[in-house]
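K.L.:
Could you work out the structure for the sequence below:
(chains A, B, C and D)
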2 protein chains.
Amino acid sequence: MYYVVHMTFGKYIRDHRETLKKIDRRFSVRQVANRIGVEPAYLSKIERDEVAPPSEAKIRALAIELDKDEDMLLAMAGKVSSDLLEIIRKRPELFADLIRQLKSMPDHAILRISRDVRDGEW
Amino acid sequence: MYYVVHMTFGKYIRDHRETLKKIDRRFSVRQVANRIGVEPAYLSKIERDEVAPPSEAKIRALAIELDKDEDMLLAMAGKVSSDLLEIIRKRPELFADLIRQLKSMPDHAILRISRDVRDGEW
DNA sequence: AATAGTGTGTACTATGTAGTACACATGACG
DNA sequence: CGTCATGTGTACTACATAGTACACACTATT
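P.N.:
Sure thing, here's the model as predicted:
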C-alpha cells in the first residue's frame, strides 16, 4: 500500500465519501457536511486540501460517518488523539522512554506487547 | 509528592530558577531570558502564569538551562514532545491501542516493558 | 551618590486555527 | 422544462498562540 504515503487527508476523505456515494446518494458533500456539523463549502475545501484538516471533533465525526479508524484519520491530519496525549502527560518520562524505545521495533513486536498487557501477562 | 499536582508551569520554573539564583547570580530573569532567547518581560509573565507557557522550543531551552527533564516540563505545560507525536502518527492504531492498554498499568510494569525492549528481549 | 542591573506593567503585533455565510453555475430527474 | 440538489468561489470572522518593545520603579554595587 505504497500510495497511502502520498495520500493527503482531503483526498482520502473525498475518495471514501465518493465510494460510499455510488451506492448511497446521502453521501453528497452537502449531506455529509450537515451530518458532521460543518458548512458544505468548508467540507468541499477540506476535501480538495484547500484548507487544513478540521478539528479533532470534526475528524472523529467524519471517521464515524465514513466508518474509518479515528486514530488513523487523526494521524493523516497530523494530529494525535487528545485522550492519548492526556495519558502521556500524566507520566511523561515513563511514556516518552517507552515510545522512543518502540520507534524502531517492528509492528508485530508492538502488537505482542499490547496483547500481553491486555491478557494480563504482567 | 502531592504538591506537584497543584504546581503550575510558571511557579515551577520560578521556584527552580530562584533556587539556582541563590548560588549563581547569572540566574536572574533577564539573563535566563537572554540565554533562552526571549524578552525578560515575557519570561517574567510566564513565571507568574500571567501568560500561557511558551513554545516547545523555548521549554526545551528552559529545561536545559534549569537541568530538568524536557518531557516532564513539556507535560507541565500541557504539551507532548513533537518527536513522540511523530512516532505515534506513523503507526497510529498500533500505538493508540498500546497506550490505552497501559493507561491503567502501574509505573513498574511500564518501566519493565521499556527495559525488556531495550535489552532486546523481543 | 552615581550607575548598573533587576523585575514587571502596558501596549502592540503577526501568524495560525477553525471555521461561517452567501452567491453562483452546473447537473439530475420527475 | 422547471426546480431541486450539488459542488465550489469569495469574503469575512473570532479566538488562540507566541511572542516583541519600551518604559518605569526599585535594588545592589562600587
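K.L.:
Would you map out the domains in chain A?
P.N.:
Using automatic domain parsing, the domain parsing of chain A gives A:3-80, A:91-118.
K.L.:
Now look at the shortest one and say if it contacts chain B.
P.N.:
Yes. Shown here: domain A:91-118 in contact with chain B (Cβ under 8 Å from any Cβ of the partner chain) through A:91-103, A:105, A:107, A:109-114, A:117-118. C-beta here means a position set from N, CA and C on the backbone, and glycine is covered the same way.
K.L.:
now the longest one
P.N.:
Yes. Domain A:3-80 is in contact with chain B by Cβ under 8 Å from any Cβ, via A:69, A:71-72, A:74-75, A:78-80.
K.L.:
As JSON lines, the residues you listed with neighbour count would be great.
P.N.:
Compiled in JSON lines, the residues of domain A:3-80 next to chain B are given as follows (neighbours: other Cβ atoms under 10 Å in any protein chain shown):
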{"residue": "A:Asp69", "neighbour count": "12"}
{"residue": "A:Asp71", "neighbour count": "26"}
{"residue": "A:Met72", "neighbour count": "17"}
{"residue": "A:Leu74", "neighbour count": "24"}
{"residue": "A:Ala75", "neighbour count": "23"}
{"residue": "A:Gly78", "neighbour count": "12"}
{"residue": "A:Lys79", "neighbour count": "20"}
{"residue": "A:Val80", "neighbour count": "24"}
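K.L.:
What score does the residue nearest in space to the middle of chain A have for pLDDT?
P.N.:
Ranked by distance to the mean C-alpha position of chain A (Cα atoms, centre = their mean), the top residue is A:Leu73 at 1.7 Å. At A:Leu73, the model reports a pLDDT of 98.
K.L.:
A:Met1 too?
P.N.:
A:Met1 is assigned a pLDDT of 50 by the prediction.
K.L.:
Please, which helix or strand holds the closest residue to A:Lys90 other than its chain neighbours?
P.N.:
Using Cβ to Cβ, 6 or more residues apart in numbering or on different chains and skipping the chain neighbours, the partner closest in space to A:Lys90 is B:Ala75 (7.7 Å). B:Ala75 is part of helix B:70-76, with elements assigned from DSSP states H and E.
K.L.:
Convert the C-alpha atoms of that helix to PDB, please.
P.N.:
Extracted in PDB, the C-alpha atoms of helix B:70-76 (Å, rounded to 0.1, in the frame of the first residue of the first chain):
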ATOM      1  CA  GLU B  70      12.300  18.000  28.900                       C
ATOM      2  CA  ASP B  71       9.300  15.700  28.700                       C
ATOM      3  CA  MET B  72       8.300  16.400  32.200                       C
ATOM      4  CA  LEU B  73       8.500  20.200  31.700                       C
ATOM      5  CA  LEU B  74       6.600  19.900  28.400                       C
ATOM      6  CA  ALA B  75       3.900  17.800  30.200                       C
ATOM      7  CA  MET B  76       3.600  20.500  32.900                       C
END
